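Trainee: This is a predicted model, with the sequence first.
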Amino acid sequence: MEFFRPAASQLDPVVRHLYVHVPFCPSICPYCDFHVLTRRAGLVEQYLHKLEQAAAQLARNYSVDLDTVYIGGGTPSFLRDGEIRQLAETVGRHLGWGRLENTLEINPGTVSAGRAVLWRQLGFDRASVGVQSLDDATLKFLGRTHDAQQARQAIGTLLAQDFRVSGDLMTAVPGQPLASDVESLVGLGVGHVSAYTLTIEPGTEFARRGVNVDEDAEREGFERTEQLLAAHGFTRYEVSNYALPGQESRHNLAYWNNRTYLGLGPGAAGHYPAGLARPEPKGLRPEESEESPAHVPLTLRRTNPHLHDWLVGETGETLPIDATEYVTDALFMGLRLRQGIDLADLSRRSGVNVAGHYANVIRRNVERGLLVLEADHLRATPAGWWVLNRVVTEFLEQA
């Protein structure tokens with residue numbers, strides 16, 4: 001790995017983004033493999049009590065000045081009014097609210113005019129609504145608990161309270177009227193669409209039923225969704241995300257740009273500054289670490305345990321991220337963006353001469369029409385997006 005001399009990264013020591021995981025759902029969708037569960041007596045109360053303790057601990061451990069907050073799940077809007085108020089107060093008291101954006105994930109069946117007012121009063125200004133489809137037959141197949149009319153009403157109610165609204169859309173669903181779904185969703189007035197291909201994950205109900213996604217349908221959905229949304233002024237700014245000008249998800253952009261963020265709640269993942277108390281790399285003496293900056297952790301990735309272990313204080317997994325891994329993570333995430341990656345900026349953040357070290361991989365993929373390099377800016381072409389895992393594998397092999 002080729003480093004600048006002296007090899008020193010210029011990472012922001014302040015954490016500016018927070019993800020909070022709410023694991024509770026009214027029911028488990030047959031395609032879902034996230035950490036979710038239905039509520040039982042006393043369980044939400046235990047969760048909120050532990051969340052307070054965990055938020056206070058994060059505030060003690062890190063320098064925090066938030067730009068964005070994202071409350072996801074699960075179904076955060078499934079929490080009762082007093083519960084979502086308690087959660088919001090915990091976040092605000094210990095960590096603060098985002099200066100730029102505060103998102104709440106919402107199930108259409110949980111929305112009412114009164115609840116939308118409450119959510120705005122608590123500090124949320126962006127709503128990510130799990131629409132998935134506006135066709136009742138498709139929603140039934142997906143195991144959703146709402147119907148198309150509830151989704152339409154929910155979006156209208158949220159827009160009336162001045163939320164920035166994003167709608168989730170599933171594609172490549174057998175029998176789905178994709179064009180109608182896209183046209184109907186855009187017609188409701190959303191400014192952002194997240195379009196995800198139905199994926200059959202091991203262990204899900206769909207996997208047990210033997211449901212399959214046709215590869216041709218997946219490719220068609222991938223391309224047709226962009227065409228339909230582009231006709232309405234939406235730009236595909238990330239592989240699965242589309243926005244009208246100024247409506248991009250600022251929180252998710254932090255992920256794709258490989259910034260640090262806090263993960264609060266059971267099952268939540270976080271990307272943290274390694275700080276001064278960086279763990280010594282295994283097998284290296286301190287003097288060797290000084291001469292081997294590729295092996296000194298720049299950041300830490302932590303994944304909290306699932307609910308029951310989290311409630312009793314289990315700590316989950318921590319993975320030190322050195323300069324090599326930091327760069328490959330940034331390439332993997334950043335090439336998902338239409339704007340791509342500023343290699344000079346990534347070099348400053350990591351201490352790695354990225355353009356020099358990966359020159360051969362970049363050149364090969366530019367020649368194949370999968371990447372474009374303009375000055376210090378590297379981005380994937382539409383063809384590159386479709387085979388992005390293959391492209392990133394080449395970077396990993398070069399690392």
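Mentor: That came through fine.
Trainee: which residues of the stretch 101-250 of the chain score low on pLDDT?
Mentor: Within the stretch 101-250 of the chain, the stretches with pLDDT under 70 are 200, 204, 206-207, 212.
Trainee: All the helices of it, in order from the start?
Mentor: Assigned helices in the stretch 101-250 of the chain, in chain order: 113-122, 136-141, 148-160, 178-187, 205-209, 215-230, 250-256 (criterion: DSSP state H, counting those that start in this stretch).
Trainee: hang on, isn't Glu226 packed against Ser240?
Mentor: No. In this structure, Glu226 is not within contact of Ser240 by Cβ atoms under 8 Å, at 10.4 Å. (C-beta placed from N, C-alpha, C; glycine too.)
Trainee: Switch the helices of the stretch 101-250 of the chain over to TSV; also include distance to Asn107 and mean neighbour count.
Mentor: Supplementary listing: these in TSV, determined by distance: least, Cβ to Cβ, whole Å; neighbours: other Cβ atoms under 10 Å:
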stretch	distance to Asn107	mean neighbour count
helix 113-122	11	16
helix 136-141	12	17
helix 148-160	8	19
helix 178-187	16	19
helix 205-209	18	14
helix 215-230	22	16
helix 250-256	19	20
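Trainee: Val15: which of these is closest?
Mentor: Nearest to Val15 among the helices of the stretch 101-250 of the chain is helix 250-256; the distance by Cβ to Cβ comes to 10.0 Å.
Trainee: Contacts for that closest one next, please.
Mentor: With contact meaning Cβ atoms under 8 Å, 6 or more residues apart in numbering, helix 250-256 is reached by 16-17, 19, 67-70, 98, 100-101, 103, 238, 241, 261, 333-334, 336-337.
Trainee: just the buried members of the residues you listed?
Mentor: With burial judged by 16 or more other Cβ atoms under 10 Å, the buried subset of these is 16-17, 19, 67-70, 98, 101, 103, 238, 241, 261, 333-334, 336-337.
Trainee: Ramachandran coordinates for Leu264?
Mentor: With angles defined as degrees, to the nearest 10, Leu264 sits at phi -120, psi 130.
Trainee: Can you tell me the closest non-neighbouring residue to it?
Mentor: Excluding the flanking residues, the one nearest Leu264 by Cβ to Cβ, 6 or more residues apart in numbering is Val20, at 4.7 Å.
Trainee: Please tell me how far the one you found sits from Lys50.
Mentor: In this view, Val20 and Lys50 are 12 Å apart by Cβ to Cβ, to the nearest Å.
Trainee: again with Thr324
Mentor: Counting by Cβ to Cβ - Thr324 and Lys50 are separated by 35 Å.
Trainee: any idea how this structure splits into domains?
Mentor: As recorded under automatic domain parsing, the domains making up the chain are 15-252, 324-399.
Trainee: For His306, which of the ones you listed is the nearest?
Mentor: domain 15-252 (5.3 Å).
Trainee: how far is that closest one from where the chain is centred?
Mentor: How far domain 15-252 lies from its chain's middle: 11 Å, per Cα atoms, centre = their mean, to the nearest Å.
Trainee: and it, how far apart are its ends?
Mentor: 15 Å (Cα to Cα, to the nearest Å).
Trainee: before we move on, what about stretch 305-318?
Mentor: Termini of stretch 305-318 sit 11 Å apart (Cα to Cα).
Trainee: got the contact list for that stretch?
Mentor: 23, 35, 37, 43, 46-47, 50, 265-267, 300-304.
Trainee: Just the buried ones among the contacts of helix 250-256: which are in strands?
Mentor: 16-17, 19, 67-70, 101, 103, 238, 241 (DSSP state E).
Trainee: Make a markdown table out of these and add distance to Glu83.
Mentor: A markdown table is the format used below for those (distance: Cβ to Cβ, whole Å):
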| residue | distance to Glu83 |
| --- | --- |
| Arg16 | 27 |
| His17 | 23 |
| Tyr19 | 18 |
| Asp67 | 26 |
| Thr68 | 22 |
| Val69 | 17 |
| Tyr70 | 18 |
| Glu101 | 22 |
| Thr103 | 18 |
| Glu238 | 32 |
| Asn241 | 29 |
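Trainee: Looking at those, which is nearest Val366?
Mentor: Glu238 (21.1 Å).
Trainee: Gly203 versus that closest one, what's the distance?
Mentor: Distance, Glu238 to Gly203, by Cβ to Cβ: 27 Å.
Trainee: And for Gly356?
Mentor: For Gly356 relative to Gly203 (Cβ to Cβ), the value is 43 Å.
Trainee: In terms of neighbours, single out the busier of those two.
Mentor: Neighbour count, other Cβ atoms under 10 Å: between Gly356 and Gly203, Gly356 has more, with 12 against 8.
Trainee: Against which helices or strands is the helix or strand harbouring the more buried one packed?
Mentor: Assigned by DSSP states H and E, Gly356 belongs to helix 354-357. Here helix 354-357 touches helix 343-350, going by 3 or more Cβ pairs under 8 Å, 6 or more residues apart in numbering; DSSP states H and E.
Trainee: Show me how far the helix it packs on is from its chain's centre.
Mentor: In terms of Cα atoms, centre = their mean, the centre of helix 343-350 is found 22 Å from the chain centre.
Trainee: which of the residues in it are buried?
Mentor: For helix 343-350, the neighbour count (16+ other Cβ under 10 Å) marks 343, 345-350 as buried.
Trainee: coming back round to it: going through the contacts of stretch 305-318, which ones are buried?
Mentor: Buried among those (16+ other Cβ under 10 Å): 23, 35, 43, 47, 50, 265-267, 300-302, 304.
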